[in-house]
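Engineer: Sequence and predicted model, in that order:
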Amino acid sequence: MTDQASTSPDAHKPDATAAGAAGATGSHNPRHITDFDADQPQHTAAPVGFAALLGVLGVVYGDIGTSPLYAFRSTVEVISGHHSVEPWEIMGVASLIFWTLILVVTVKYVLLIMRADHNGEGGILAITSLAQRVASSPKTRIGLGLVGIVGACLFFGDGIITPAISVLSAIEGVEVTVPAAHDFVIPVAILVIISLFSVQWVGTGRVGTIFGPVMLLWFGTLGVMGLLEVLHHPAILMALSPTYALEFVFYHGKLSFLALGSVVLCVTGAEALYADMGHFGRAPIRYAWLFFVLPMLVLNYFGQAALVIADPKALANPFFLLCPHWMQVPMVVLSTLATVIASQAGISGGFSICRQLIQLGYMPRLRITHTNADEEGQIYLPDFNRFLAVGAVLLVVAFRSSDALASAYGIAVTGTFICTSILAIVVFRHHFKWSTTKVAAVFGSFFLLDLIFFSANALKIPDGGWVPVLLGCVLTLMMTTWKKGRGLIVGRQRQDSLPMGSFIARLPQSRIIRVPGMAVFMTGTPDFVPPCLLHNLRHNKILHDHVLFVTVQNLDQPEADRGHRVSVEELAPNIYRIILRYGFMEMPNIPRALEDLKANGVDFDALQASYFTSRELITRSSVPRLSHWRMSLFLFMARNSTSSMEFFRIPPDRVVQLGVKVAI
């Protein structure tokens, strides 16, 4: 495993700077040169034009936009499994879906949660960072971080289940027109899923070229299909009244509780509205939802309800039976495209979340390919992509229908909702200064609603809900193990290393031979001499004329603050300590950052520079801090991590690795 010490142990502190390294004193007084930006990204307000709205439709609303394929049918089937469904019960289901869309998506996410942006970015890790900033104690900070990690792990579960259930539900529409095609549904679904994951390497930008227009056509078709049926049975509009939802709940009792486990499927993808805020801005996402997506979805759900009331046999597949017979096959094609887009949104979001967790130190480095030379956010993680692909295919083979997969889907979605609500309570109380009463009334109610939805889906754990639960537990365990293991390694290196101040003070009197050239030493402990330098001196007895000690600090905010990307401090003539700060939405590029130092007095020559890193040989100490099984898990993750030179985009022919034994 290649050295990972270049990630600072204090990386979680948003105000981490090189000032903490002031202990480097000696005959030469350290001189702070400057703080400046290197490739500093900036957020600009996204214009609310047609292009922005089209992009929002193609990326943000793919998941929630394909929910009509299965949400209404799954909910009504809960009732039909116990007795014949009455028209008033269909009205109750339609009312429940409508008010779930209003409360969970419109009020909670669009109007409230989206206010909690972190430098323009949204998502579970962004709100976690905001909550941790206002935490009252270190224990609270750790607890909030764990809530965010659990939410991210459940999001990964969502990313695996979404392609499986969406593609299956779309292809199952063929059975409406050609019942004999039943045996081909699973093979075709697997083929579509494999094809989807196989093209990820070309990049989201190219894959998403047609997303916007297709989703515009999709939502328009949803609305027209539903509107035509509503015009035939306008009485269904009475379901807009919450009295039908309340009557359904009070009359059915436990059965309505089971139905809520399927009702929540209508809001799958709600988290994407918040997570993609940094790409499009708050306004386009809000306008697209309020004035187009929400009306189209409501029309389609009400159209399905009106159809089932008029013809109970239509419950077999109310979505596709809304279409005229001649349109059913084209609708299968369009729905397949829409589900691929819905899956793509989850996959791209998974790539971003995975990168953020790597930057925050919760996951080992994975190989990251940049698929666009101009867009830093367009990335491809081949190992993570294979993980998602295998998981989605296994789910299709194991569950074999979208109805069966619905049991697994709800747990992941509602679990993420609960995590977001917990974090929002802290953020709105301490960051937005809401009163305790107001926070309790608003987000306490949402937390209770999320808990009801989660509890309803928890009853499905034996039928498939165990999949995201197991996946979330395993991933959380892996992340916490990695975080603890890396912390132990950095702590051991601090104990075994020589303070930088002592090294600089002794350097003029030492007999170390200085040779021409520039050496870049990567270190995660800027206050101490890197182990790779000590090993180089021990074996080669030389030190280059120009020396750079480079530390990468990963901040718990999306991007480094403007003006504080880079700190440079001269410790001795031609010996510099350099702090490079990156947010969890950014990717380090060490050579590019060092090239920018020329304008600030550091004579960096990329062609002459040699990069020194440590290759850690991890062993168990006499008093181990990790249990045997967690140590084995940590070593497995370490062996499969990507090298530092690849992760930091350092030319491999310029790297020198030196072995360092670390006992933890």
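Structural biologist: On my side now, so go ahead. Residues are numbered from 1 along each chain as shown.

Engineer: who's in contact with Leu290?
Structural biologist: 106, 110 (CB atoms under 8 Å, 6 or more residues apart in numbering). Heads up, the C-betas are built off the backbone N, CA and C, glycines and all.

Engineer: Put the alpha carbons of the longest strand along the chain into PDB.
Structural biologist: When the chain is parsed with DSSP state E, its longest strand is strand 542-554. Coordinates of each C-alpha in strand 542-554 appear next as PDB, following Å, rounded to 0.1, in the frame of the first residue of the first chain:
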ATOM      1  CA  ILE A 542      22.000  13.500   0.600                       C
ATOM      2  CA  LEU A 543      19.500  16.300   0.500                       C
ATOM      3  CA  HIS A 544      18.500  18.300  -2.600                       C
ATOM      4  CA  ASP A 545      19.200  22.000  -2.900                       C
ATOM      5  CA  HIS A 546      15.500  22.800  -3.100                       C
ATOM      6  CA  VAL A 547      13.100  21.000  -0.800                       C
ATOM      7  CA  LEU A 548       9.300  21.300  -0.600                       C
ATOM      8  CA  PHE A 549       7.400  19.700   2.200                       C
ATOM      9  CA  VAL A 550       3.800  19.300   0.800                       C
ATOM     10  CA  THR A 551       0.800  18.600   2.900                       C
ATOM     11  CA  VAL A 552      -2.700  18.100   1.400                       C
ATOM     12  CA  GLN A 553      -5.400  19.100   3.900                       C
ATOM     13  CA  ASN A 554      -8.900  17.900   3.100                       C
END
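
Engineer: which helices and strands sit right next to it?
Structural biologist: strand 513-522, helix 531-540, strand 575-582, helix 590-595 (3 or more CB pairs under 8 Å, 6 or more residues apart in numbering; DSSP states H and E).

Engineer: could you point out where the stretch 301-450 of the chain is predicted with low confidence?
Structural biologist: 345, 370-378 (pLDDT under 70).

Engineer: hang on, the earlier thing: would you mark the buried spots in the longest strand of the chain?
Structural biologist: 543-544, 546-554 (16 or more other CB atoms under 10 Å).

Engineer: try stretch 146-155
Structural biologist: Of all the residues in stretch 146-155, those buried under the rule 16+ other CB under 10 Å are 147-155.

Engineer: what do you get for stretch 125-141?
Structural biologist: Using 16+ other CB under 10 Å as the test for burial, stretch 125-141 gives 125-133, 135, 141.

Engineer: what separates the host helix or strand of Trp99 from the chain centre, distance-wise?
Structural biologist: Following DSSP states H and E, the helix or strand that holds Trp99 is helix 87-100. Its chain's C-alpha centre and that of helix 87-100 lie 32 Å apart, by CA atoms, centre = their mean, to the nearest Å.

Engineer: Next SSE downstream of that helix?
Structural biologist: Beyond helix 87-100 toward the C-terminal end (DSSP H and E), the next one is helix 124-133.

Engineer: by contact count, what packs against the helix or strand following that next one?
Structural biologist: Going down the chain from helix 124-133, the next helix or strand is helix 138-171, by DSSP H and E. When contacts are defined as 3+ CB pairs under 8 Å, 6+ apart, helix 138-171 packs onto helix 124-133, helix 185-198, helix 328-359, helix 382-399, helix 402-426, helix 466-496.

Engineer: Next, name the residue at the spatial heart of the protein.
Structural biologist: Per CA atoms, centre = their mean, the C-alpha nearest to the average position across the chain is that of Ile353, at 2.5 Å.

Engineer: And the contacts of the helix or strand harbouring Pro284?
Structural biologist: Following DSSP H and E, the helix or strand that holds Pro284 is helix 282-288. Under the criterion CB under 8 Å, 6+ apart, residues 45-46, 48, 52-53, 55-57, 60-61, 110, 114, 117, 273, 276-277 lie in contact with helix 282-288.

Engineer: just the buried members of the residues you listed?
Structural biologist: 46, 48, 52-53, 55-57, 60-61, 110, 114, 117, 273, 276-277.

Engineer: what's the closest of those residues to Ile579?
Structural biologist: Ile579 lies nearest to Asp117 out of the buried ones among the contacts of helix 282-288, by CB to CB, at 26.3 Å.

Engineer: Could you report the pLDDT at the closest one?
Structural biologist: Note on Asp117: pLDDT of 81.

Engineer: Any regions of this protein where pLDDT drops low?
Structural biologist: 1-49, 176-177, 202-210, 278-279, 345, 370-378, 599-600.

Engineer: again, only this time at 50
Structural biologist: 1-34, 36, 38-47 (pLDDT under 50).

Engineer: quick one, domains of it?
Structural biologist: Here the domain assignment for the chain is 18-42+482-663, 60-464, based on automatic domain parsing.

Engineer: if I pick Asp183, what's in contact with it?
Structural biologist: So Asp183 contacts nothing (CB under 8 Å, 6+ apart).

Engineer: what sits against the residue lying closest to Met296 once chain neighbours are set aside?
Structural biologist: Once flanking residues are discounted, Met296 sits nearest to Gly223: 3.8 Å by CB to CB, 6 or more residues apart in numbering. By CB under 8 Å, 6+ apart, Gly223 lies in contact with 295-296, 299-300.
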